[in-house]
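Novice: Next one to model:
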Amino acid sequence: MTYLILAIFILGYLAIALEHTLKINKAASALLIGVVCWAIYVVNLDQLLPSGAIPSWFLTEAAVEKVENINQTFAIESQHLHLTGEIASILFFLMGAMTIVELVDAHEGFAIVTNRIQGRKKSSLLWVVGLLTFFMSSVLDNLTTTIVMVSLLRKLIQDREDRLRYVGLVVIAANAGGAWTVIGDVTTTMLWIKHKIGTVEVMSELFLGSLVCLLVPLIGLTFLMRGKLGERPSEDKTIEIDIRPWHQWLFLILGLVGLISVPVFKATTHLPPYMGMMLSLAVLWIVSELVSHTMDETTRSSTGVLAVLRRVDMSSILFFLGILLAVGSLGAMGILENAARWLDETLPNREVVAVAIGLVSAVVDNVPLVAAGIEMYSMPINDDFWMLLAYCAGTGGSCLIIGSAAGVAAMGLEHIDFVWYLKKVAPLAVAGYISGVFVILLQRLLLN
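Specialist: Presented below is the predicted three-dimensional model:
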């Protein structure tokens, strides 16, 4: 049964990769493998539930409550519902961020930024987009930054092929920028919460490597993309709306402050990040309702939150749901933990293990891989392995479009083809990833 689930998982990934060839939306394929993998697992728990997976406290509680089918109860109520909670927090976060970005866009807040980017030289814009994404991601997180930057690029670049290359760079830059701070990527946050890395130490050790991870593909794209961009996308508005400059500034500032406040809210309250995102959305929603009284009826109907919610791409949300469910089923069966142990036993040293985990995270979610690594090893805080794992798990996902939250979001927002990314962006991403590893190791060698 394990091989059957793996086969379904691989076939589902192939269907996602060949979305345009098969003409089947990737969200449908992802949802199918997510549900089918869990259904096969739950029906065949006697064979698939890992031995020793049920904790003693659960067995004690089940005995007190006289639960008949302990395995099924544990798989559904503990494993599946726990995973559902984690996935829901990610999806709510994603929906909140997308709605805030759409709300700023509806009030033409991004026009303030795009109007100040006057240069139309492709290489110059590459550096502006790459570095801006890199530093934004370290303060926000890679997912939110990607959503914001993709929205900006839609305003700047009309040619689809050019825009997709820029979006590919955004994915690389967002993951690289998120790797060197404890709030920039979910895996570094996990390691920080588990007291494996320190706030200042991770910045000093990983900044240079993360920057090189961006610079290598950035330089490569600079040579590949010559000339000037065409005309900016024309504003396709059949109805004239009355947006005033103070509306633009108000929503741009509130939107950015709302997004930046999310990690601050999390650090202060220790609540999941989606709660901070919902708070920011609520504030913008209330302000939007109040400000709407200063607009005419036509403008009010096109810029309100209810109108904006219709523009949120629900297929991207469902795609995310399916992918995370499918990967979660592999985690529940212990396949990911076994894979991590196999890597540890097969590879010569833990530096190579960390690099391998980063590459594997381009195929499956990096969160369960890092979680397995945390449980497997007991090195002290700020150990070299934890630092390299933070870098590799954070940046390795750029090697495939479905390997990171930033990539999945970009894939959904711009409908990027898996094979296109594999040909055009992945080689540059791999080169940057490996270069960053060498820089981190060289930095250690010179400082020790």
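Novice: Do you have the helices of the stretch 301-448 of the chain handy? List them.
Specialist: Listed in chain order, the helices found in the stretch 301-448 of the chain under DSSP state H, counting those that start in this stretch are 305-309, 314-332, 335-346, 350-360, 366-376, 384-395, 405-414, 418-424, 426-447.
Novice: now for the longest one, which elements pack on it?
Specialist: Counting contacts by 3 or more C-beta pairs under 8 Å, 6 or more residues apart in numbering; DSSP states H and E, helix 426-447 is packed against helix 160-179, helix 199-224, helix 350-360, helix 384-395. Placement of C-beta: from N, CA and C, glycine included.
Novice: Name the residues that touch it?
Specialist: Contact with helix 426-447 is made by 168, 171-172, 176, 205-206, 208-210, 212-217, 220-221, 351, 355, 358-359, 384, 387-388, 391-392, 395-396, 398-400, as judged by C-beta atoms under 8 Å, 6 or more residues apart in numbering.
Novice: show me where pLDDT drops low in the stretch 201-350 of the chain?
Specialist: By pLDDT under 70, the low-scoring segments of the stretch 201-350 of the chain are 230-242.
Novice: and Gly130, how many neighbours does it have?
Specialist: The tally of other residues near Gly130 (other C-beta atoms under 10 Å) stands at 26.
Novice: what secondary structure does it sit in?
Specialist: Here Gly130 is recorded as helix under DSSP: H, G, I helix; E, B strand; the rest coil.
Novice: OK, contacts around it?
Specialist: When the contact criterion is C-beta under 8 Å, 6+ apart, the partners of Gly130 are 169-170, 172-173, 214, 218.
Novice: For Ser151, see how far away Leu259 is.
Specialist: Distance from Leu259 to Ser151, counting by C-beta to C-beta, to the nearest Å: 12 Å.
Novice: If any of the contacts of helix 426-447 are buried, put those into a PyMOL selection.
Specialist: Paste this into PyMOL to select the buried members of those, with burial taken from 16 or more other C-beta atoms under 10 Å:
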select buried, resi 168+171+172+176+205+206+209+210+212+213+214+215+216+217+220+221+351+355+358+359+384+387+388+391+392+395+396+398+399+400
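Novice: Just put the helices of the stretch 301-448 of the chain in a markdown table and tack on distance to Ser280.
Specialist: Formatted as a markdown table, the entries for the helices of the stretch 301-448 of the chain read as follows, by distance: least, C-beta to C-beta, whole Å:
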| stretch | distance to Ser280 |
| --- | --- |
| helix 305-309 | 13 |
| helix 314-332 | 18 |
| helix 335-346 | 33 |
| helix 350-360 | 31 |
| helix 366-376 | 23 |
| helix 384-395 | 24 |
| helix 405-414 | 18 |
| helix 418-424 | 30 |
| helix 426-447 | 31 |
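Novice: so which of those helices gets nearest Ile54?
Specialist: Closest to Ile54 of the helices of the stretch 301-448 of the chain, according to C-beta to C-beta: helix 314-332, at 11.8 Å.
Novice: Mind listing residues that contact that closest one?
Specialist: The contact list for helix 314-332, computed with C-beta under 8 Å, 6+ apart, reads 5-6, 9, 12, 25-27, 29-35, 37-38, 41, 75, 79-80, 83, 86-87, 90-91, 94-95, 98, 336-337, 364-365, 368, 402, 408-409, 411-413.
Novice: swap the cut-off to 7 Å and go again
Specialist: Residues external to helix 314-332 that are found in contact with it (C-beta atoms under 7 Å, 6 or more residues apart in numbering): 5, 9, 12, 25-27, 30-31, 33-35, 37-38, 41, 75, 79, 83, 87, 90-91, 94-95, 336, 364-365, 368, 402, 408-409, 412-413.
Novice: which ones among those are found in helices?
Specialist: With helices taken from DSSP state H, the overlap with the contacts of helix 314-332 comprises 5, 9, 12, 26-27, 30-31, 33-35, 37-38, 41, 83, 87, 90-91, 94-95, 336, 368, 408-409, 412-413.
Novice: Compile the helices and strands packed on helix 426-447 into JSON lines and extend it with columns for distance to Val291.
Specialist: Written out in JSON lines, the entries for the helices and strands packed on helix 426-447 read as follows (distance: least, C-beta to C-beta, whole Å):
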{"stretch": "helix 160-179", "distance to Val291": "30"}
{"stretch": "helix 199-224", "distance to Val291": "38"}
{"stretch": "helix 350-360", "distance to Val291": "45"}
{"stretch": "helix 384-395", "distance to Val291": "38"}
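Novice: for these, which one sits closest to Val305?
Specialist: Counting by C-beta to C-beta, Val305 lies closest to helix 160-179 out of the helices and strands packed on helix 426-447; the figure is 26.0 Å.
Novice: Beyond the closest one, next helix or strand please.
Specialist: Sequence-wise, the next helix or strand beyond helix 160-179 is helix 186-193, with elements assigned using DSSP states H and E.
Novice: For that following helix, enumerate the helices and strands it packs against.
Specialist: Under the contact definition 3 or more C-beta pairs under 7 Å, 6 or more residues apart in numbering; DSSP states H and E, helix 186-193 sits against helix 366-376, helix 384-395.
Novice: If you average pLDDT over each of those helices, which is lowest?
Specialist: Note on the helices and strands packed on helix 186-193: helix 366-376 shows the lowest mean pLDDT, a mean of 68.
Novice: Could you find the closest non-adjacent residue to Cys392?
Specialist: Closest residue to Cys392 in three dimensions, ignoring its sequence neighbours and counting by C-beta to C-beta, 6 or more residues apart in numbering: Gly358, at 2.9 Å.
Novice: who touches the one you found in this structure?
Specialist: 392-393, 395-396, 433.
Novice: CSV please, covering these and showing distance to Arg311.
Specialist: Converted to CSV, the contacts of Gly358 look like this (distance: C-beta to C-beta, whole Å):
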residue, distance to Arg311
Cys392, 36
Ala393, 33
Thr395, 31
Gly396, 32
Tyr433, 34
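Novice: what two of those residues have the greatest distance between them?
Specialist: Farthest pair in the contacts of Gly358, by C-beta to C-beta: Ala393 and Tyr433, 11.2 Å.
Novice: and the closest residue to Arg226 other than its chain neighbours, how far is that from Met225?
Specialist: For Arg226, the nearest residue in space outside its immediate sequence neighbours is Lys122; the separation is 6.6 Å by C-beta to C-beta, 6+ apart. Summarising the geometry, the distance separating Lys122 from Met225, computed by C-beta to C-beta, is 4 Å.
Novice: Reformat the contacts of Gly130 as a markdown table; add distance to Asp344.
Specialist: Rendered in a markdown table, the data for those read as follows (distance: C-beta to C-beta, whole Å):
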| residue | distance to Asp344 |
| --- | --- |
| Leu169 | 34 |
| Val170 | 33 |
| Ile172 | 28 |
| Ala173 | 31 |
| Leu214 | 29 |
| Leu218 | 34 |
